[in-house]
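> Next comes the sequence, and after it the predicted model I'd like to discuss.
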Amino acid sequence: MVKEKIHILGICGTFMGGLAILGKEAGLEISGCDSNIYPPMSEHLSDMGIDIISGYDPSNIPEADFYVVGNAISRGNAALEELLNRKANLISGPQWLYNFILKDKKVIAVSGTHGKTTTTAMIAWIFEYLEIGVGYLIAGKPKDFKKSARKGTEDVFVIEADEYDTAFFDKRSKFIHYKPDTLIVNNIEFDHADIFKDITAIHREFHNLIRSMPEKAQIIFPTDDLNIAKVLDMGCWSKQESYAVGDSAQNTYTSVLPDYSIINFKIGNEEGELKWKMLGEHNARNAMSAILATSKYGVSLDQSLEALSNFKGVSKRQDILLENEKIILMEDFAHHPTAIQMTLSGLRQKYIDHKIIAAIELRSSTMKSGYHDDALIEATKEADEVFWKSEDKTQIDKFIELDSSRSRLIQSVTETSKEIILGVEKDTLIIVMSNADFDGLSKKIIDKLKNG
């Protein structure tokens with residue numbers, strides 16, 4: 001039997017690389033190309049026998065039955081232009097995923113501005129801990145799994161559901177393609193300023209998803225998010241299950257310790273306590289979403305709590321890179337003021353007497369746009385010093401003007417690593433916050449600490 005051939009444009013991204021893994025596990029012949037071929041994704045794909053072509057030279061593009069186009073691929077890309085001239089079969093990543101993997105699965109989709117990757121990893125881990133081999137696609141590096149994606153042996157699939165657009169030829173949000181049976185909406189805030197004009201545009205995309213869901217589907221959400229409430233008020237025909245902090249709702253969570261390392265949960269008539277390594281209220285909310293979602297598939301509260309007590313997390317989410325008697329060095333994804341605030345608040349509750357030094361790279365389109373500038377100053381109030389990196393120096397000048405006692409400009413990552421180390425006192429926590437690699441700042445700090 002001849003295997004169907006799939007070639008993926010932009011194969012080394014977390015989502016597209018996950019598709020490659022799923023396609024390979026499904027028995028398809030997979031290849032791909034990318035201009036950014038870096039570990040760990042490149043290593044995962046190579047280990048599976050997936051050929052990766054460096055760059056987009058049209059002469060290197062093989063014949064295939066389908067060409068899966070990543071949303072980072074735009075008109076003018078040499079490989080894409082050649083494929084358009086050939087009238088080749090182009091398909092978006094989300095549409096391919098539905099057609100080949102999700103169509104016959106019960107889909108748990110995790111959406112929202114924050115917490116998608118961690119919540120998806122939590123759900124996948126709860127099932128894995130119980131030896132239930134669900135499929136998953138996590139747009140990050142989960143510490144509890146060797147790979148970021150798996151086809152699975154069960155009829156359930158959990159996926160991170162992004163509101164970003166699908167492809168150059170399909171400007172709908174990715175998640176519209178997944179047709180979820182269970183939808184988690186963790187939160188909704190303004191993000192992706194490069195494609196969304198305002199929060200109302202984001203409301204419309206979420207409502208497009210919700211109004212396309214069947215009556216028997218389930219939507220899980222927190223009661224205190226006004227943007228979610230606005231979207232639901234636009235019309236919802238599926239079952240709703242909400243949760244809240246405190247004791248005022250059917251499903252609640254309450255912190256036992258201020259850093260949320262111990263949490264009490266109440267799900268209907270069930271109650272239980274979670275002790276785990278995660279910190280912050282945002283992770284308590286992620287856990288609540290995961291618990292409610294898995295409960296729809298026969299998992300008890302006690303089973304979920306036992307699994308989560310062993311949850312290792314996801315790389316670049318409060319990820320400890322170095323720890324000794326004097327210093328803790330962490331990395332965090334931190335792509336939005338709310339995420340930064342929740343992370344720093346959780347760390348302050350845990351490390352009450354530590355000096356906290358935050359280095360923040362404004363990398364996303366929204367963060368660079370200036371839209372969140374005032375919120376960013378407020379979001380970092382739990383840090384003692386903040387080092388800012390932006391392509392726009394005037395943006396950092398504004399931060400220094402508003403908060404001169406704590407704000408510092410990063411002009412050179414090498415020099416900043418030295419400056420950060422000079423600020424280290426007896427108990428110091430350094431957290432490097434970026435949705436990219438911050439020009440290797442974490443590694444430079446580690447090297448200087450080791451070599452002086």
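Thanks, I have the structure now.

> Mind exporting the C-alpha coordinates of whichever strand or helix holds W96 to CSV?
W96 belongs to helix 93-97 when assigned by DSSP states H and E. Coordinates of each C-alpha in helix 93-97 appear next as CSV, following Å, rounded to 0.1, in the frame of the first residue of the first chain:
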residue,chain,number,x,y,z
GLY,A,93,-2.5,23.0,9.5
PRO,A,94,-5.7,23.2,11.5
GLN,A,95,-7.8,21.9,8.6
TRP,A,96,-5.4,19.0,8.0
LEU,A,97,-5.5,18.2,11.7
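
> tell me which strands and helices the helix or strand following that helix is in contact with?
Going down the chain from helix 93-97, the next helix or strand is strand 106-111, by DSSP H and E. Judged by 3 or more C-beta pairs under 8 Å, 6 or more residues apart in numbering; DSSP states H and E, the packing partners of strand 106-111 are helix 116-129, strand 156-160, strand 182-185, helix 281-295. Just so you know, the C-beta spots here come from the backbone N, C-alpha and C atoms, and that holds for glycine as well.

> L422: neighbour count?
When counting by other C-beta atoms under 10 Å, one arrives at 7 neighbours for L422.

> The lowest-mean-pLDDT helix or strand in the chain: which residues count as buried?
In the chain, no helix or strand scores lower on mean pLDDT, DSSP states H and E than helix 365-369, which sits at a mean of 73. Residues T366, M367, K368 are the ones in helix 365-369 that count as buried (16 or more other C-beta atoms under 10 Å).

> got it, and stretch 409-426?
Of the residues in stretch 409-426, those buried (16+ other C-beta under 10 Å) are I410, V413, T416, S417, I420, I421, V424.

> Redo those as JSON lines? Include secondary structure.
Formatted as JSON lines, the buried residues of stretch 409-426 follow (DSSP: H, G, I helix; E, B strand; the rest coil):
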{"residue": "I410", "secondary structure": "coil"}
{"residue": "V413", "secondary structure": "helix"}
{"residue": "T416", "secondary structure": "helix"}
{"residue": "S417", "secondary structure": "helix"}
{"residue": "I420", "secondary structure": "helix"}
{"residue": "I421", "secondary structure": "helix"}
{"residue": "V424", "secondary structure": "coil"}
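
> Could I get the residues you listed in CSV, plus columns for distance to H203 and pLDDT?
CSV is the format used below for these (distance: C-beta to C-beta, whole Å; pLDDT from 0 to 100):
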residue, distance to H203, pLDDT
I410, 35, 80
V413, 38, 84
T416, 39, 84
S417, 42, 89
I420, 40, 87
I421, 45, 86
V424, 45, 86
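
> Pull the residues that contact the helix holding W96.
Applying C-beta atoms under 8 Å, 6 or more residues apart in numbering, the contact partners of helix 93-97 are 6, 8, 15-16, 19, 22, 66, 68-71, 137, 159, 166-167, 170, 174-178.

> at 6 Å what do you get?
By C-beta atoms under 6 Å, 6 or more residues apart in numbering, the residues outside helix 93-97 that reach it are M16, L19, V68, G70, T166, K174, H177.

> continuing past the strand or helix carrying the second one, what's the next helix or strand?
L19 is part of helix 14-25, with elements assigned from DSSP H and E. Next along the chain after helix 14-25, taking DSSP H and E as the criterion, comes strand 29-34.
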